[in-house]
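take this sequence and fold it.
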Amino acid sequence: MNTAVFFDVDKTIIDGYTQVILVKYLLKRNEFPLTVYCQIVAWYLFYKFGITTDIIFIRDKAIKTLRGWDEEKLEGLVRECFDAHIKTRVFTEIKALIDEHIRNGEKIVLVSSSLDVIIDRLKNYLGANAVICTKLEVKNGIYTGRVVKPDIYGEAKANAIKEFAVKEGINLGASYAYSDHISDLPMLELVGNPVGVNPDMQLAKVCKRKGWEVLRFSLAEAQK
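Below is the predicted model:
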């Protein structure tokens, strides 16, 4: 069987939250309402500091504002945002780690609750093999403002990885997973080689108790 390396994205590969970065960019382009932007930032702060572990509610609120958007329009805006503000926030050490796993012949899989229109572009940039992420519903080239279930978060993220492993013949016991947040504990517990990356307080405690490897990076040269 094959081995795979499962990477969370926000705060693990990227120094920041990709959806917040995109929404901020859309706000500057006068494409997004200020009130929703403020709600998204507040909710992500709650998430960051452990006040809530549920980011699905505010994500769906933001996605509803995309109802009626042309698919090509959003893809163009995401391309501009990615090139200017997202790829510059990739941790140098993580990029080197991904390259090492690729050289070892391991399948790289990005697993994120962030949007497919962002994660697909990151996949191409990093040379990853596959993505498991939030898929926006599109009908006749127009966004409906809904997502295609299931949500890729928490236990559901782990279940999606299990399904992927069965389909692709992946040996999870020999595979790796990298994440920063306690909500990804189910994902980390699936594999034989779990790694905390800049782990939050709760995950850091779990890593210490279980003897898991912990990596800590900074991104001083990132564009802020």
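
how about the one helix or strand A204 maps to: buried residues?
In the assignment (DSSP states H and E), A204 maps to helix 201-210. In terms of neighbour count (16 or more other Cβ atoms under 10 Å), helix 201-210 has its buried residues at L203, A204, V206, C207. From N, CA and C alone the C-beta is placed, and that goes for glycine too.

in TSV, list the residues you listed along with distance to L190 and pLDDT.
As requested, those are exported to TSV (distance: Cβ to Cβ, whole Å; pLDDT from 0 to 100):
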residue	distance to L190	pLDDT
L203	15	96
A204	19	97
V206	14	97
C207	15	98
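
hang on, the earlier thing: same for the helix holding A204, what does it pack against?
Other elements packing on helix 201-210 under the criterion 3 or more Cβ pairs under 8 Å, 6 or more residues apart in numbering; DSSP states H and E are strand 193-197, strand 213-215.

now do the residue nearest to E168 when sequence neighbours are not counted against V23, distance only.
If the residues on either side of it in the chain are set aside, E168 comes closest to N2, at 6.6 Å by Cβ to Cβ, 6 or more residues apart in numbering. Separation of N2 from V23 (Cβ to Cβ, to the nearest Å): 36 Å.

in terms of neighbours, single out the busier of the two.
V23 (22 against 13; other Cβ atoms under 10 Å).

just to check, that one is in contact with Y37?
Yes - if you go by Cβ atoms under 8 Å, V23 and Y37 touch, sitting 5.5 Å apart.

pick the most buried one from the helices and strands packed on helix 201-210.
strand 193-197 (a mean of 22; mean count of other Cβ atoms under 10 Å).

that one: partners in the sheet, and parallel or antiparallel?
strand 176-179 (parallel), strand 213-215 (parallel) (DSSP bridges).

where do the helices sit along this protein?
Here the chain has its helices, by DSSP state H, at 18-28, 34-48, 56-64, 71-81, 92-103, 116-126, 155-168, 185-188, 201-210.

what angle separates the longest one from helix 18-28?
Regarding helix 34-48 and helix 18-28, their directions subtend 160 degrees when assessed with axes from the mean of the first three to the mean of the last three Cα atoms, to 10 degrees.

cool, and the fourth one?
Taking the same axes, to 10 degrees, one finds that helix 71-81 is oriented at 100 degrees with respect to helix 18-28.
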